[in-house]
Every structure is written in structure tokens, then in C-alpha cells.
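Peer 1: model this:
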Amino acid sequence: MIKAVIFDIDGTLVDSVDLHAHAWQETFERFGKKIPFEQVRSQIGKGGDQLMPVFFSKEELEEFGEEMEKYRGELYKREYLPRVKAFPSVRELFERIRRDGQRIALASSAKEDELGTYKKLARIEDLVEEQTSADDAEKSKPHPDIFEASLAQLGDMNPSEAVVVGDTPYDAEAAGKAGLSTVGFLSGGFPEADLRAAGCVQIYLDAADLLARYDDSPLATQSSSATSRS
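Peer 2: Have a look, this model is predicted:
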């Protein structure tokens, strides 16, 4: 039986994937590399520690990696964070989960202060029991550290008693390494085929779609006979 639901945030609960990609793209150009937007966007969902090495060498990162990540963080908070909006029905979905007696945790590669802003936007501050951020993990997704920290915060819960909800293949990969199943959302813009290949057990458009089909979802029962979105 599922006792807890662990949510990613960016692209899952709030519409921020494109904004993150623009912030990284602008930062990369500031540090000497013009990277096409779609190439940058395909890496969103990873933390900076896993994203930057895709485009910069080890030597470059040793020279200015910390400065670059700091620049990106400040740019995002100043120019892009104020433009983030929550997806519809997030609070209603969380209320439904809580009515079923399940616990809710957040697990994101975002920084702790960004999480606070996202929770306010989605109106879920009073519904979240635990949260982990980039500050709680040595390595970000697709490594399992963040989800392992979530399980520990939930009281060393067995992975079979929790399910992850995320929007990127990196969520599913990280969750799988921690022994967790993942429900995928298309709201982050990643192809359904990529989410399935990474291990997502069910696919939904977004929070509103999952809420509408909640009774037949993996969140409602441990083994669902429902068919996923085709």
C-alpha cells in the first residue's frame, strides 16, 4: 500500500522548465559558449553539478564552474523566478492525497529558498510534510541522493510504500535507483517515450489529469489496472 507521494517541483507542480533553460543558456553565453536552447532544455531536471559537465570540460569547470553556477542562480532569481506560475489543480491534488491518509514530500534539485517560493505559488505550504532540495544531496538527479534523503525524512520508509511524481527522465532514473516507482507528467515538455524508457509506470498530462483519474492511478492503489494515456 502506498503511504507517501514524493513530488518533483519544476515542470511537475510549477511551469518553470523553459525559464530554467533560458537562464542556463544566457549564463553559458556569458561564459563563452552559445548552446542551442533545445540542447539546454533537454538537460533541465538535473542540478547544476550534473548539467554543467554536459557542456563544459572538467578543466573549464575547475576554473570557473562555481562562479558560473552562482551567476546562473542569481540571474534566475532576479529575471526568471518572478515569471514562474503554478500548474492548475496542484492544491486540489494534494488535498485528495491527504484525504486518503497519505503523506506528501517534495524532492527537487532546486535550492531551498526557491522551494519556499514554489510552495507559495502552488498554495501547498500547509500540505507538505517533508522536503529535500539540492542542499540535502551530494549529487543531484539522475543520482538517487535526493530521493534517498526523502525516504529517510519520511522515517526510513520502504521504497515500495512510496511513489514519485515527476516530469523528466532524470526523475524516473533517480527514483528507480532508489527503488521507487515514478508517475510521469508531460507538463515539463519531455516526450512520453523518454519518460517511459526511463521507467515511468504511468503517464499523465499534468496534476489536473492525475486528479481526474486519481481512483485508477498508482497513487490510489499499489497495483493499478488503469491504462495510461496513449
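Peer 1: tell me the domain ranges of this protein?
Peer 2: Listed by automatic domain parsing, the domain ranges of the chain are 4-15+85-216, 17-83.
Peer 1: Deepest in the core, which of those is it.
Peer 2: Highest mean neighbour count among the domains of the chain (mean count of other Cβ atoms under 10 Å): domain 4-15+85-216, with a mean of 20. Bear in mind the C-beta positions are built from the backbone N, C-alpha and C, glycine included.
Peer 1: what's the first-to-last distance across that domain?
Peer 2: Its start and end residues considered, domain 4-15+85-216 measures 17 Å (Cα to Cα, to the nearest Å).
Peer 1: would JSON lines of the domains of the chain with mean pLDDT be doable?
Peer 2: Converted to JSON lines, the domains of the chain look like this (pLDDT from 0 to 100):
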{"stretch": "domain 4-15+85-216", "mean pLDDT": "95"}
{"stretch": "domain 17-83", "mean pLDDT": "97"}
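Peer 1: Tell me where the chain has helices.
Peer 2: Ranges of helices in the chain, per DSSP state H, are 17-30, 37-41, 48-55, 58-75, 90-99, 112-122, 145-153, 169-177, 192-198, 207-212.
Peer 1: May I see those arranged in JSON lines, with distance to residue 84 as well?
Peer 2: Formatted as JSON lines, the helices of the chain follow (distance: least, Cβ to Cβ, whole Å):
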{"stretch": "helix 17-30", "distance to residue 84": "6"}
{"stretch": "helix 37-41", "distance to residue 84": "16"}
{"stretch": "helix 48-55", "distance to residue 84": "18"}
{"stretch": "helix 58-75", "distance to residue 84": "14"}
{"stretch": "helix 90-99", "distance to residue 84": "13"}
{"stretch": "helix 112-122", "distance to residue 84": "6"}
{"stretch": "helix 145-153", "distance to residue 84": "20"}
{"stretch": "helix 169-177", "distance to residue 84": "18"}
{"stretch": "helix 192-198", "distance to residue 84": "22"}
{"stretch": "helix 207-212", "distance to residue 84": "15"}
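Peer 1: What residues does residue 109 make contact with?
Peer 2: 10, 45-47, 133-134, 140-141, 146 (Cβ atoms under 8 Å, 6 or more residues apart in numbering).
Peer 1: cool, residue 118 as well?
Peer 2: Applying Cβ under 8 Å, 6+ apart to residue 118 gives the contacts 9-10, 13-14, 16, 84, 86, 108, 110.
Peer 1: Out of these, flag the one nearest to residue 70.
Peer 2: When the contacts of residue 118 are ranked by distance to residue 70 (Cβ to Cβ), residue 110 comes first, at 15.2 Å.
Peer 1: OK, contacts around the closest one?
Peer 2: Applying Cβ under 8 Å, 6+ apart to residue 110 gives the contacts 9-10, 118, 133-134.
Peer 1: Pick out the most distant pair among those residues.
Peer 2: Greatest spacing in these, by Cβ to Cβ: 118 and 134 (13.2 Å).
Peer 1: so what's in contact with these two at the same time?
Peer 2: Common neighbours of residue 118 and residue 134 (criterion: Cβ under 8 Å, 6+ apart): 108, 110.
Peer 1: Give the bridge partners for the closest residue to residue 154 other than its chain neighbours, please.
Peer 2: Nearest residue to residue 154 in three dimensions, chain neighbours excluded: residue 4, at 5.3 Å (Cβ to Cβ, 6 or more residues apart in numbering). For residue 4, the beta-bridge partners under DSSP bridges are residue 103, residue 162.
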